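Peer 1: Everything below, folded, please.
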Amino acid sequence: MSKTALILVDIQNDYFEGGDWPVAKMQTVANNAARLLDHARAQGDMVVHVRHEIPSDDAPFFRPGSTGAKINDRVAPNADEPVIVKARPNSFAGTDLLDRLQQADVQSVVICGAMSQMCIDATTRAAADFGFQVSVAQDACGAKEMSFGTVSLTAEQVHAAFMAPLAMSYAQVVNTSDLVAKP
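Peer 2: Residues are numbered from 1 along each chain as shown. As a prediction, this is how the structure comes out:
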């Protein structure tokens, strides 16, 4: 088996148009993630789907058991691919993700999904801290517009603000086409 794992983070229905917490360009994100998924499966790479649930009926999105909390059909898991449910932005926190990767002798991970400024950032930093060689498919990651004080940022600005430091110290930040071109 390959020493690489694809980790698809929070590509869930609530992040798509019509969902409870839409993320910019999420359909494009899902299409690129699907390309990565097809490539990983063809290469025999480990594939791990991560799904976020907010354990409260009052949650603004990702309510347990809701349609919005389900993984989007565009990147639906196969029966043999694990789905890890998390409650924090870091996909390793409170889950068995690290154990699964170590048991499979994974050395490198490819990360994609949403949101760039939350779960992608937290998961990427943790993966690097655990010693994995990390690649982030930046065009298979989605961000949401944000504001802080009097500063409002577009989704594109938020995405760039998080990809730049990840590329500086934590990961190889590349496009999907770069990753699927690799044998």
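Peer 1: Mean confidence (pLDDT) on stretch 93-105, please.
Peer 2: Summarised as a single mean, pLDDT over stretch 93-105 is 98.
Peer 1: how about the CA coordinates for that stretch, as CSV?
Peer 2: Provided in CSV are the C-alpha atoms of stretch 93-105 (Å, rounded to 0.1, in the frame of the first residue of the first chain):
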residue,chain,number,x,y,z
ALA,A,93,-8.2,16.3,18.2
GLY,A,94,-10.4,13.7,20.0
THR,A,95,-10.3,11.3,17.0
ASP,A,96,-8.4,8.2,16.0
LEU,A,97,-7.0,9.8,12.8
LEU,A,98,-3.3,9.7,14.0
ASP,A,99,-3.6,6.1,15.0
ARG,A,100,-5.2,5.1,11.7
LEU,A,101,-2.4,6.9,9.7
GLN,A,102,0.4,5.4,11.9
GLN,A,103,-1.1,1.9,11.6
ALA,A,104,-1.1,2.2,7.8
ASP,A,105,2.5,3.5,7.9
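Peer 1: What are the buried residues along it?
Peer 2: Thr95, Leu97, Leu98, Leu101, Ala104 (16 or more other CB atoms under 10 Å). For the C-beta atoms, the positions are set from N, CA and C on the backbone; glycine is no exception.
Peer 1: which of those residues lies closest to His49?
Peer 2: For the buried residues of stretch 93-105, the residue nearest His49 by CB to CB is Leu97; the value is 10.8 Å.
Peer 1: who's in contact with the longest helix that the chain contains?
Peer 2: Secondary structure of the chain per DSSP state H: the longest helix is helix 26-43. The contact list for helix 26-43 (CB atoms under 8 Å, 6 or more residues apart in numbering) reads 2, 4-6, 8, 11, 15-17, 23, 45-47, 72, 74-75, 78, 110, 112-114, 137, 139-142, 176, 179-180, 183.
Peer 1: Looking at that helix now, give me its mean pLDDT.
Peer 2: Across helix 26-43, the average pLDDT comes to 98.
Peer 1: If you count neighbours, what's buried in it?
Peer 2: Neighbour counts over helix 26-43 (16+ other CB under 10 Å) mark Met26, Val29, Ala30, Asn32, Ala33, Ala34, Arg35, Leu36, Leu37, His39, Ala40 as buried.
Peer 1: where along the chain do the helices fall?
Peer 2: Ranges of helices in the chain, per DSSP H, are 26-43, 97-103, 121-129, 155-169, 176-180.
Peer 1: Minimum distance to Ser66: which of those has it?
Peer 2: helix 26-43 (16.9 Å).
Peer 1: Show me how far the closest one is from its chain's centre.
Peer 2: 11 Å (CA atoms, centre = their mean, to the nearest Å).
Peer 1: same question, stretch 16-36
Peer 2: What separates the centre of stretch 16-36 from the centre of its chain is 11 Å, taken as CA atoms, centre = their mean.
Peer 1: All set now, cheers.
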